[in-house]
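> please find the sequence and the predicted model below.
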Amino acid sequence: MLTQTTTRVLEPSDLGAALAVLESEPVANAFVTSRVQIAGLDPWRLGGEMWGWYANGRLRSLCYSGANLVPICAGPEAVRAFADRARRAGRRCSSIVGPAEPTAQLWRLLEPGWGPAREVRANQPLMVADSPASEVAPDRLVRRVRKDEMDILMPACIAMFTEEVGISPLAGDGGLLYQARVAELIAAGRSFARIEDGKVVFKAEIGATTPQACQIQGVWVAPEFRGRGYSETGMAAVLRHALTDVAPIVSLYVNDYNTPARKSYSRIGFREVGAFMSVLF
C-alpha cells in the first residue's frame, strides 16, 4: 500500500500534535520545543513558520523556518519535502542547524541553490549530563547576573558571539535583537557569570528550557584568564544550577575540533550522545 504524504505550514490548532513530535526527542529538540511552548505556532510570535510533514494523515516530522532552518525528527522523505519547500520560498535563514544526519541531507539538497555557505560545521558532538561529577568543584563565585549588570555582561556576550559565529551580533540592526535576547536571559535568571572588578571572567547561559531538558550556550572565558580552569569550574557551577532549578537533563553541543572543551565537559559530567551540524551563511 502506498504511503500518502503531504507538507504544510502548521496552524495554532496543530499545537498538540507538534508538541508530541517535539517531545519524542526532548534533548535534541530542546531549542525549538522551548520556543513553541512559549509562543505556540503563530508565526508572528514564534518568529517563523513551522512546517509539518504528514504520512497517511499523521504528523511525523517538523521543520522550523525562521532565523534558523531546523529539521526535527525528519527522515529522508521528510527532508526532501522540506528542501522542496525551502527552495520555493528562497533562503531567509542565517543558518541551518539540527541533528547531523538530516541536516547534512537537507544541505546537500539546498547547496546547489543556496551555496556557498560561509562555514559548515559538519560534526558538533551533542553532550548531556544528568548528574554532576564529583571531581570538579563548582566555582562559588559564578552566580546569576543581575539586571543592573547588563552593561558589564554585554561586551563579553558580543566577544563570545563574534568568536563563535565569525560575525558581530551588532551587524544589521545595531545589535538591538541580540541585546534584547541577553536582557531576556538575565531577567529569567538564566545568565551566569563570574565578575571581578567590574569585568566578566567567565560566563554562560541556559538558553533553552523545557520540563524535560535544557541547553547551555554561550560559554566564554575572558582571553587573559584562559588556561586557568575557569571554564571547567564555571561550567560545573552552571550545571549544578541547571540540574537543581531547571531540568533533569542538561545538554550542549560543541565543535568537534574543540578538544579541550570536550575533555573539560566530560570531566564535569557530560557524555556524548549524538551530533549536531551547523551551516552558517
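Perfect, I can see it now.
> from now on I want contacts and neighbour counts done on CA atoms only, so please keep to that.
Will do.
> for the stretch 151-281 of the chain, which segments count as helices?
For the stretch 151-281 of the chain, the helices defined by DSSP state H, counting those that start in this stretch occupy 176-187, 230-245, 259-267.
> please read the previous query as pertaining to the stretch 1-150 of the chain.
For the stretch 1-150 of the chain, the helices defined by DSSP H, counting those that start in this stretch cover 15-22, 30-39, 43-46, 76-89, 100-114, 150-165.
> which of the helices of the stretch 151-281 of the chain is buried the deepest?
Stretch with highest mean neighbour count among the helices of the stretch 151-281 of the chain: helix 230-245 (a mean of 21; mean count of other C-alpha atoms under 10 Å).
> and the contacts of it?
By C-alpha atoms under 8 Å, 6 or more residues apart in numbering, the surrounding residues in contact with helix 230-245 are 130-132, 136-140, 142, 192-194, 201-204, 206, 214, 219-221, 249-250, 264-265, 268.
> same question, stretch 62-82
For stretch 62-82, using C-alpha under 8 Å, 6+ apart, the contacting residues are 7, 18, 21-22, 25, 29, 32, 47-53, 60-61, 92-99, 102-103, 105-106, 109.
> mind giving me the ChimeraX command for buried ones among these?
Only the buried entries of the contacts of stretch 62-82 go into this ChimeraX selection, using 16 or more other C-alpha atoms under 10 Å:
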select :7,18,21,22,29,32,47,48,49,50,51,52,53,60,61,93,95,96,97,98,99,102,103,105,106,109
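> any chance you could list what contacts stretch 102-110?
70-71, 74-76, 79-80, 82-83, 86-87, 96-97, 122, 277-279.
> how far does that stretch sit from the chain's center?
In terms of C-alpha atoms, centre = their mean, to the nearest Å, the centre of stretch 102-110 is found 18 Å from the chain centre.
> averaged pLDDT, that stretch. What do you get?
Across stretch 102-110, the average pLDDT comes to 98.
> could you do stretch 219-227 as well?
For stretch 219-227, mean pLDDT is 96.
> same question, stretch 130-144
In this model, stretch 130-144 has a mean pLDDT of 93.
> which parts of it are buried?
Buried residues in stretch 130-144, counted by 16+ other C-alpha under 10 Å: D130, S131, P132, A133, V136, P138, D139, V142, R143, R144.
> do you know how far the first one is from V273?
Put plainly, it is D130. Between D130 and V273 the computed distance is 12 Å (C-alpha to C-alpha, to the nearest Å).
> cool, the fifth one as well?
V136 sits 21 Å away from V273 when distances are taken as C-alpha to C-alpha.
> turn the buried residues of stretch 130-144 into TSV, including distance to D42.
Putting the buried residues of stretch 130-144 into TSV (distance: C-alpha to C-alpha, whole Å) gives the following:
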residue	distance to D42
D130	33
S131	36
P132	38
A133	41
V136	44
P138	40
D139	41
V142	37
R143	35
R144	32
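> so which of those are in strands?
R143, R144 (DSSP state E).
> and of the buried residues of stretch 130-144, the nearest to R226?
Closest approach between the buried residues of stretch 130-144 and R226, by C-alpha to C-alpha: D139, at 14.9 Å.
> tell me the contacts of the closest one?
D139 is in contact with Y230, T233, G234, A236, A237, counting by C-alpha under 8 Å, 6+ apart.
> residue ranges with poor pLDDT in the stretch 151-281 of the chain?
Along the stretch 151-281 of the chain, the model assigns pLDDT under 70 to no residue.
> sorry, wrong one. I was asking about the stretch 1-150 of the chain.
In the stretch 1-150 of the chain, residues with pLDDT under 70: 1-3.
> mind doing that once more with 90?
Residue ranges of the stretch 1-150 of the chain with pLDDT under 90: 1-4, 132-135.
> hmm, M277 is touching A122, no?
Yes - using C-alpha atoms under 8 Å, M277 is in contact with A122, at 4.8 Å.
> next one: the most centrally placed residue in the chain from R60, what distance?
Centroid check for the chain by C-alpha atoms, centre = their mean gives F31 as the closest residue, at 5.1 Å. Distance of F31 to R60, given as C-alpha to C-alpha: 19 Å.
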